[in-house]
Structure formats: structure tokens, C-alpha cells
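Participant: below is the sequence, then the predicted model.
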Amino acid sequence: MNNTSQRIAAVLGPTLVAVTLSETVNLDIWEDVHPTVVYLNGLLLLIGGLVIATTHNVWVRDRRGLITLSGWLLIPAGLYRMFAPTATQLGPGPATYATIALLGCLGLTLSWFAFFGR
């Protein structure tokens, strides 16, 4: 993995792990969250996605492609949260836990690539 890929994975991987663990523990905070917080969350997702997509637009079938795909998926997620901040947030349920599990696995995978997959 090249240096840029490794650095992005080293930031994105642990961040996803921390976010998924903390949101699992604090899932109830999204029940009555203020739209301003949802909007700001979307802004951060958009900025992160744009940084990754513009500095790491590598479409290959390996871990570098996973990093690029992650960046591009953050963009619509951020835009959705910015343009629909009053939309009902997902509460506890199968879809929420599946999403959290998927993002957690992605975070663990990227962390592995960054720190052990040389």
C-alpha cells in the first residue's frame, strides 16, 4: 500500500472503530437530536469524503480501492444529512445494527491495513 493510502487508512480506520463503538453505546442520543447537530455531522462527513476522494481517487480491486470507495460513500451520506437534517434518525433495530457492524468491520479492516498489512 502506498504512503497516502496507508495514512488515510490510519486515520479513517480507527475513526470508524471509535464512531461505531461510541454510537453503539450511546445509540439513544439520536432519538431527539437537534437538526443542527445532524447538519454539522453531515458537514464533517462531506469534508472527510471530499478530502479522501480528491487525494486518493484510486479505483483498483484491493485495499486502496476500499479507501477510495469509503471516501466517495461519505460524500452522499454527508449531503443527505445536510439537506435532510430533520429526517427521522434510525433507532435501535436490525438495519441500525447491521450498518454499525458493517462500518465497524470496515474500520477494523482499514486499521489492519494501515498498521499491520505492509
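Facilitator: Nice, thanks for sending it over.
Participant: show me where pLDDT drops low in the chain?
Facilitator: Across the chain, the ranges flagged by pLDDT under 70 are 1, 118.
Participant: go again using 50 as the cut-off
Facilitator: Applying pLDDT under 50 to the chain flags no residue at all.
Participant: now the helices: where do they sit in it?
Facilitator: Using DSSP state H, the helices of the chain run over 3-25, 35-55, 63-83, 94-115.
Participant: turn the ones you listed into JSON lines, including mean neighbour count.
Facilitator: In this view, the C-beta of every residue, glycine as well, is placed from N, C-alpha and C. Shown next, in JSON lines, are the helices of the chain (neighbours: other Cβ atoms under 10 Å):
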{"stretch": "helix 3-25", "mean neighbour count": "16"}
{"stretch": "helix 35-55", "mean neighbour count": "16"}
{"stretch": "helix 63-83", "mean neighbour count": "18"}
{"stretch": "helix 94-115", "mean neighbour count": "16"}
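Participant: next, give phi and psi for Val58.
Facilitator: phi -110, psi 110 (degrees, to the nearest 10).
Participant: can you tell me the closest non-neighbouring residue to it?
Facilitator: Excluding the flanking residues, the one nearest Val58 by Cβ to Cβ, 6 or more residues apart in numbering is Arg64, at 4.6 Å.
Participant: can you pull the contacts of that neighbour?
Facilitator: Residues in contact with Arg64 (Cβ atoms under 8 Å, 6 or more residues apart in numbering) are 1-2, 5, 56, 58.
Participant: would you check how far apart it and Thr109 are?
Facilitator: Using Cβ to Cβ, to the nearest Å, Arg64 is found at 13 Å from Thr109.
Participant: same question for Arg7.
Facilitator: As judged by Cβ to Cβ, Arg7 and Thr109 stand 16 Å apart.
Participant: for Thr4, same thing?
Facilitator: Computed with Cβ to Cβ, the distance linking Thr4 and Thr109 is 18 Å.
Participant: likewise for Trp72?
Facilitator: Separation of Trp72 from Thr109 (Cβ to Cβ): 17 Å.
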